Every structure is written in C-alpha cells, then in structure tokens.
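Visitor: My questions are about this predicted structure, shown below with the sequence.
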Amino acid sequence: MTELLLVRHGETEWNVSEVFRGRIDVDLNQTGVRQAELLAEHLKTASIDAVYSSPLQRALMTARIIADPHGLEVHSELGLTDFHYGVWQGMSHQEVKEKYCKLYALWTHHPEQVRVPEGESLEEVRTRAMAVIQKVTATHHGAAVLVSHRVVNKVLICALLGLDNSHFWNVQQDNCGITTFAYQNGRFVLTGHNDTSFLGRTGKSLKSDF
C-alpha cells in the first residue's frame with residue numbers, strides 16, 4: 001500500500017492580499033514558515049519514505065522543513081508546479097473580477113471550461129499532476145508527501161475521487177492542510193481531508209478559498 005499526503009504550501013503575502021500567484025515565485029511569509037514548522041512537528045514521528053515538491057520556493061521551503069527531521073531529500077517535480085494563471089498572474093482578485101468579468105464569471109461557475117489567456121486549463125494540470133502520482137505510487141510502498149498548490153491539489157483530489165474538474169469548487173484546501181489517500185489494488189481511498197488541526201491559532205486558515 002502507498003499512502004499519499006497531499007500538502008498545500010504555507011501562507012504567502014499574496015495569499016493574504018488575494019493576488020493571483022501561479023508561476024510567480026513568491027516566498028512564504030512569517031506565518032507560512034511557522035505553519036510549515038508546525039506541520040513538520042506534526043509529521044515528525046510519522047514514517048515517511050519520500051518528499052516531493054513543486055519547484056516554486058513557497059512549496060520547496062515547506063517541503064524542506066517537512067523533510068529535514070526525516071533526513072530526506074526533497075524531489076522537485078515540475079508536474080506539481082502551480083496553475084499557470086497567464087495574464088492574471090500578479091493581479092489582485094478584485095482587478096481580475098473587474099477587468100475580466102466574463103471570464104472570471106465562467107471561472108467561478110464552470111472552471112473546467114476556462115483557459116486564462118497565456119495560461120493553462122485544469123485538464124492540463126490534471127494530466128501533468130497525475131503523471132507524478134503514477135510515478136510515486138509505482139516507486140514507493142510507504143508514505144510519500146507531495147507539497148503543491150491550491151489549484152493543483154484541488155484538481156488531484158477530484159481526480160483521485162473519480163470526479164471531473166467541474167467539481168473544483170467543491171473542494172477546499174487551506175495553507176499547510178493535509179489531504180491523505182491510501183492507494184492499494186489500483187484504488188485511491190480518501191482517509192483524511194484538509195487537516196490543519198496541528199496549526200492552532202498561529203496557523204489560522206484564511207477565510208476565503210484563495
């Protein structure tokens with residue numbers, strides 16, 4: 001059996017300010033570092049075989065903090081990198097709603113139909129991220145941590161549950177939240193979702209899904 005721990009990176013200032021991040025390499029803020037430390041402490045006694053991460057610094061830093069107590073190397077996987085928001089990247093939530101009102105409305109109601117100009121679609125995210133899942137389950141028979149991003153993890157959770165991308169908004173994962181799947185006999189079974197119980201007041205989740 002393989003256990004997959006899907007982890008979202010710690011908080012950044014662009015999470016707090018609701019700025020679309022995508023491929024822009026934003027670092028963790030002070031709260032995000034503390035969240036990652038609390039997550040690492042929570043997983044310190046777990047038996048973890050491997051840690052994989054998006055190549056973006058907010059994920060890599062979170063992954064390295066998790067991996068350090070276990071003496072593990074972090075494997076960077078391009079397939080786990082954040083959703084390419086194209087022209088939305090670096091824009092605030094409010095700016096996007098005003099400047100791209102029709103596309104934003106489609107994003108909020110039918111995200112599976114959206115490709116942001118100069119960006120990508122959720123289906124492309126699913127294809128590349130699931131390739132990483134297949135690699136990990138073929139390589140490891142213990143627990144593997146995969147540190148990624150909000151959009152990527154939401155898409156993966158839908159995929160592993162057999163749901164299409166139209167269910168994207170039915171899933172939420174907070175900063176440093178853990179979603180766990182057991183993989184055995186060709187089946188993924190959800191065993192825990194968006195666990196942030198270890199964060200306490202220091203790592204209080206943001207109110208919005210952003």
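Guide: Yes, it's here.
Visitor: wait, E112 sits on S166?
Guide: Yes - E112 is in contact with S166 according to Cβ atoms under 8 Å; the separation is 4.7 Å. C-beta here means a position set from N, CA and C on the backbone, and glycine is covered the same way.
Visitor: what's the span of stretch 110-123, first residue to last?
Guide: Using Cα to Cα, to the nearest Å, one end of stretch 110-123 lies 13 Å from the other.
Visitor: that older thread, who's more crowded, E112 and S166?
Guide: A side-by-side neighbour count of E112 and S166, using other Cβ atoms under 10 Å, places E112 first with 17 against 14.
Visitor: Find the nearest non-adjacent residue to the more buried one, please.
Guide: Sequence neighbours aside, N165 is the residue nearest to E112 in space, at 3.8 Å (criterion: Cβ to Cβ, 6 or more residues apart in numbering).
Visitor: quick one: contacts for that neighbour?
Guide: Residues in contact with N165 (Cβ atoms under 8 Å, 6 or more residues apart in numbering) are 111-112, 122-123, 126, 155, 158.
Visitor: swap in D164?
Guide: With the criterion set at Cβ under 8 Å, 6+ apart, D164 makes contact with 112, 158.
Visitor: And whichever strand or helix holds Y52, what does it pack against?
Guide: With elements taken from DSSP states H and E, the one containing Y52 is strand 50-53. The elements that strand 50-53 packs onto, with contact taken as 3 or more Cβ pairs under 8 Å, 6 or more residues apart in numbering; DSSP states H and E, are helix 57-67, strand 74-76, helix 122-139, strand 143-148.
Visitor: Could you export the ones you listed as TSV, including distance to L4?
Guide: Listed next are the helices and strands packed on strand 50-53 as TSV, based on distance: least, Cβ to Cβ, whole Å:
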stretch	distance to L4
helix 57-67	14
strand 74-76	14
helix 122-139	7
strand 143-148	6
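Visitor: and of the ones you listed, who's closest to H84?
Guide: Ranking these by distance to H84, with Cβ to Cβ as the measure, places helix 122-139 first at 8.2 Å.
Visitor: what helices or strands is that closest one leaning on?
Guide: For helix 122-139, where contacts count as 3+ Cβ pairs under 8 Å, 6+ apart, the packed elements are strand 2-8, strand 50-53, strand 143-148, helix 150-160.
Visitor: Without its sequence neighbours, what residue ends up closest to the most centrally placed residue in the chain?
Guide: With distances taken as Cα atoms, centre = their mean, H149 lies nearest the centre of the chain, 2.7 Å away. Of all residues beyond its chain neighbours, the one nearest H149 is D82 (4.1 Å), with distances taken as Cβ to Cβ, 6+ apart.
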